[in-house]
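Trainee: Sequence unavailable; structure follows:
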């Protein structure tokens, strides 16, 4: 059986027109399938296999995006190719980013809500920065 046939055999209809993969999934929730090529095993993402089976090769420099936001959906009409930045923009617009990527409202160390924007677009806690500077200054004065 080809990988595309295996994907079709292990998929069931789901809500919203999704075709849900029932096989193995990665730790991030994406469907995976193991294939053997030349005696070597490789794990593939099933949504990429499904896309290539229906729409042809994935264009270079692009990713396969889910329009439905269901990571184990393999319905070809829910899969589109796009740039990595398009995929990231979708994630931000739909509020799908992982917890560790969301903007924190308080500092992890001191709980303050007093931030300074960095030139790179990040944020640093002013009280924690001041405390680090006091420690560094005390160390340099002690010799």
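Mentor: Structure's in. What do you need? What you are looking at is a predicted structure, and each value in this text was computed from that prediction instead of being measured. Numbers count the residues shown, from 1 in each chain.

Trainee: Work out for me the element the closest residue to residue 80 other than its chain neighbours sits within.
Mentor: Nearest non-adjacent residue to residue 80, counting by CB to CB, 6 or more residues apart in numbering: residue 65, 5.3 Å away. The way it works is simple: take the backbone N, C-alpha and C, and place the C-beta from them, glycine included. Using DSSP states H and E, residue 65 falls within strand 63-66.

Trainee: one step back: if I look at the residue nearest to residue 80, how far off is residue 81?
Mentor: 7 Å (CB to CB, to the nearest Å).

Trainee: list residues touching both of the two?
Mentor: Counting by CB atoms under 8 Å, 6 or more residues apart in numbering, residue 65 and residue 81 have no common neighbour.

Trainee: which residues does the residue nearest to residue 80 contact?
Mentor: Each residue near residue 65 by CB under 8 Å, 6+ apart is listed here: 79-82, 86-87, 90.

Trainee: what pLDDT does residue 88 get?
Mentor: Per-residue confidence (pLDDT) for residue 88: 82.

Trainee: State the three-state secondary structure for it.
Mentor: Secondary structure, DSSP: H, G, I helix; E, B strand; the rest coil: residue 88 is helix.

Trainee: contacting residues for it?
Mentor: So residue 88 contacts nothing (CB under 8 Å, 6+ apart).

Trainee: Residue 65 versus that one, what's the distance?
Mentor: For residue 88, the distance to residue 65 (CB to CB) stands at 10 Å.

Trainee: Who does residue 63 form a beta bridge with?
Mentor: On the basis of DSSP bridges, residue 63 takes part in beta bridges with residue 82.

Trainee: This protein: helices as residue ranges?
Mentor: Here the chain has its helices, by DSSP state H, at 3-9, 46-55, 84-93, 126-142.

Trainee: Give me the distance from the first one to the chain's centre.
Mentor: Looking back up the chat, that one is helix 3-9. Chain-centre distance of helix 3-9: 24 Å, with CA atoms, centre = their mean, to the nearest Å.

Trainee: Same question for it: list its buried residues.
Mentor: Residues of helix 3-9 classed as buried: 3-4, 6-7 (neighbour count, 16 or more other CB atoms under 10 Å).

Trainee: ok, now stretch 60-71?
Mentor: Neighbour counts over stretch 60-71 (16+ other CB under 10 Å) mark 63-66, 68, 70-71 as buried.
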